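Colleague: For reference, the sequence and a predicted model appear below.
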Amino acid sequence: MPKAIKKIGVLTSGGDAPGMNAAIRSVVRTCAYHNIECIGIYRGYQGMIEGDFKEMGPRSVNNIVNKGGTILKSARSKEFMTAEGRQKAHQHLINSNIDALVVIGGDGTFTGAEIFNNEFDYPVMGIPGTIDNDIFGTSHTLGYDTALNTVVEVIDKIRDTASSHNRLFFVEVMGRDAGHIALNAGIGAGAEEILIPEEDLGLERLLESLQKSKASGKSSSIVVVSEGDKIGKNVFELKDYVEENLPEYDVRVSVLGHMQRGGAPSCFDRVLASRLGVKAVESLLEGKSNFMVGLLSDKVALTPLEQAIKGKSEIDKELLRVSEIMTT
C-alpha cells in the first residue's frame with residue numbers, strides 16, 4: 001500500500017507564465033480542503049536542494065489569482081541535473097516530512113520530476129505552465145490564452161501605425177519550437193502572413209504573397225513571425241531581404257519579447273489553473289503519481305509524464321487552412 005500523503009510540496013520552475021499563481025492558490029486551497037498540509041518551495045528545484053520551504057495556508061494565497069509571474073519564484077538549477085543535487089533535494093523533502101510534489105512548469109520541469117520519481121519512487125504530479133502551448137497531453141497550457149490576448153492587443157496597436165504610414169511590419173512573437181502563438185494571434189489580429197516553424201513558407205513564396213497583397217490594394221501589411229521560424233536566421237534578416245527585393249515596401253520590425261509572459265492572467269487561464277490544481281492534488285491523494293494534469297476535449301485528464309515530455313504538440317492543420325483563406 002502506498003504511504004498516506006499528509007503534506008504536499010508545490011513549486012514553479014522554468015519560464016514564468018500567467019496563471020502560475022492561480023495554480024499555486026488552487027493547490028494550497030485543495031490541500032486545506034482535504035486537511036493536508038502544503039509547503040511552498042521557493043526558486044524551483046534549486047530551492048528544493050537548499051531547503052527553501054515555507055508553510056502555506058488558504059490565507060497565504062489571498063489576492064494572487066489575478067497576478068502574473070509566480071510568488072514562489074523560478075530558477076533553473078544545474079545542480080538538480082546531477083545525482084548529488086537530487087539526493088540533497090530528496091533529503092530536504094524527507095527531513096521536512098513532505099510526502100509528494102506538485103511541479104508547475106514545462107518539459108524541462110517535467111523531465112526533472114520524472115527522473116526524481118524514478119530515482120526515489122517519490123510521488124510527483126505536473127501542471128503545464130508555459131505560454132508556448134508546446135506540451136503534449138493538453139490543448140492549453142497555463143499562460144497561453146493570456147499571451148494570445150496580449151499579442152493580439154499589441155498587433156492591433158501596431159496596425160494603427162502601419163495603416164497610417166503605409167508600412168509593412170514584421171512582428172516577432174515567442175515560440176522557439178512551436179507556432180501556436182503566431183498562428184492563433186495572427187488569425188485573431190488579421191495578419192496578412194504568418195510564419196511558423198512547422199511550415200516552411202520559403203523566401204520566394206513570402207515575396208509572392210507580399211506582392212499579391214500590394215497588387216490587391218493593401219497599403220499596409222502585418223506579418224507575424226514565430227521566433228523559431230526557419231525562413232531566415234532572424235526577423236531582421238527577413239526585413240533586409242524584403243527591402244532588397246521589394247523596395248516599394250517601407251519595412252519595420254517589432255519584437256514583442258517578454259511582455260508576452262507578463263500581465264494579469266485571463267479568466268480562461270485562472271479557471272484552467274484552478275481546475276488543474278484540484279486535479280493534481282486529488283490525484284496524488286488517490287495514489288497516482290508521475291502524471292501531468294491537462295485539458296483534453298475540455299475535460300481534465302491525466303497523461304504520463306514520459307508521454308508529456310516525449311510527445312509532440314501538433315499544430316492545428318485546420319487553422320493553417322483558415323489562415324490561408326483569411327489572407328486572401
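Modeller: It's in.
Colleague: ok, how many other residues are close to Asn62?
Modeller: Around Asn62 there are 8 other residues, counting by other CB atoms under 10 Å. Glycine gets a C-beta too; all of them are placed from N, C-alpha and C.
Colleague: So for it, what's the pLDDT?
Modeller: Model confidence at Asn62, given as pLDDT, is 96.
Colleague: gap between it and Arg29?
Modeller: With distances defined as CB to CB, to the nearest Å, the gap from Asn62 to Arg29 amounts to 10 Å.
Colleague: Now do the strands in the stretch 201-328 of the chain.
Modeller: Secondary structure of the stretch 201-328 of the chain (DSSP state E, counting those that start in this stretch): strands at 221-226, 250-255, 291-296, 299-304.
Colleague: can you put the ones you listed in JSON lines and add mean pLDDT, mean neighbour count and distance to Gly14?
Modeller: Written out in JSON lines, the entries for the strands of the stretch 201-328 of the chain read as follows (pLDDT from 0 to 100; neighbours: other CB atoms under 10 Å; distance: least, CB to CB, whole Å):
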{"stretch": "strand 221-226", "mean pLDDT": "89", "mean neighbour count": "27", "distance to Gly14": "19"}
{"stretch": "strand 250-255", "mean pLDDT": "90", "mean neighbour count": "16", "distance to Gly14": "21"}
{"stretch": "strand 291-296", "mean pLDDT": "98", "mean neighbour count": "22", "distance to Gly14": "14"}
{"stretch": "strand 299-304", "mean pLDDT": "98", "mean neighbour count": "15", "distance to Gly14": "18"}
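Colleague: Tell me which of those lies nearest to Pro58.
Modeller: strand 291-296 (20.8 Å; CB to CB).
Colleague: how far off strand 299-304 does the closest one point, in degrees?
Modeller: Compare the direction of strand 291-296 with that of strand 299-304 by axes from the mean of the first three to the mean of the last three CA atoms, to 10 degrees and you get 140 degrees.
Colleague: what's stretch 273-286 in contact with?
Modeller: Stretch 273-286 is touched from outside by 5, 8, 19-27, 29-31, 34, 36, 65, 100, 102, 123, 125-128, 142, 265, 291, 293-295, 300, 302, with contacts defined as CB atoms under 8 Å, 6 or more residues apart in numbering.
Colleague: nope, stretch 315-323 is what I was after
Modeller: Outside of stretch 315-323, the residues within contact range by CB under 8 Å, 6+ apart are 178-180, 183-184, 186-187, 194, 196, 198-199.
Colleague: Could you list the buried residues of that stretch?
Modeller: The neighbour-count check on stretch 315-323 (16 or more other CB atoms under 10 Å) flags 315, 319-320, 323 as buried.
Colleague: just stretch 117-132 next, same as before
Modeller: Buried residues in stretch 117-132, counted by 16+ other CB under 10 Å: 117, 122-132.
Colleague: how long is it end to end?
Modeller: Terminal residues of stretch 117-132 are spaced 26 Å apart (CA to CA, to the nearest Å).
Colleague: Work out the gap between that stretch and the centre of the chain.
Modeller: Here the centre of stretch 117-132 is set off from its chain's centre by 15 Å, with CA atoms, centre = their mean, to the nearest Å.
Colleague: Tell me which other helices or strands the lowest-mean-pLDDT helix or strand in the chain touches.
Modeller: Ranking every helix and strand in the chain by mean pLDDT, DSSP states H and E puts helix 203-215 at the bottom, with a mean of 79. The criterion is 3 or more CB pairs under 8 Å, 6 or more residues apart in numbering; DSSP states H and E, and the helices and strands that helix 203-215 contacts are strand 193-195, strand 221-226, helix 235-245.
Colleague: and the angle from the second one to strand 250-255?
Modeller: Between strand 221-226 and strand 250-255, the angle comes out at 30 degrees (the same axes, to 10 degrees).
Colleague: for strand 221-226, packing partners?
Modeller: For strand 221-226, the elements it packs on are helix 144-165, strand 167-173, helix 180-188, strand 193-195, helix 203-215, judged by 3+ CB pairs under 8 Å, 6+ apart.
Colleague: Before I go, just wanted to say thanks for your time.
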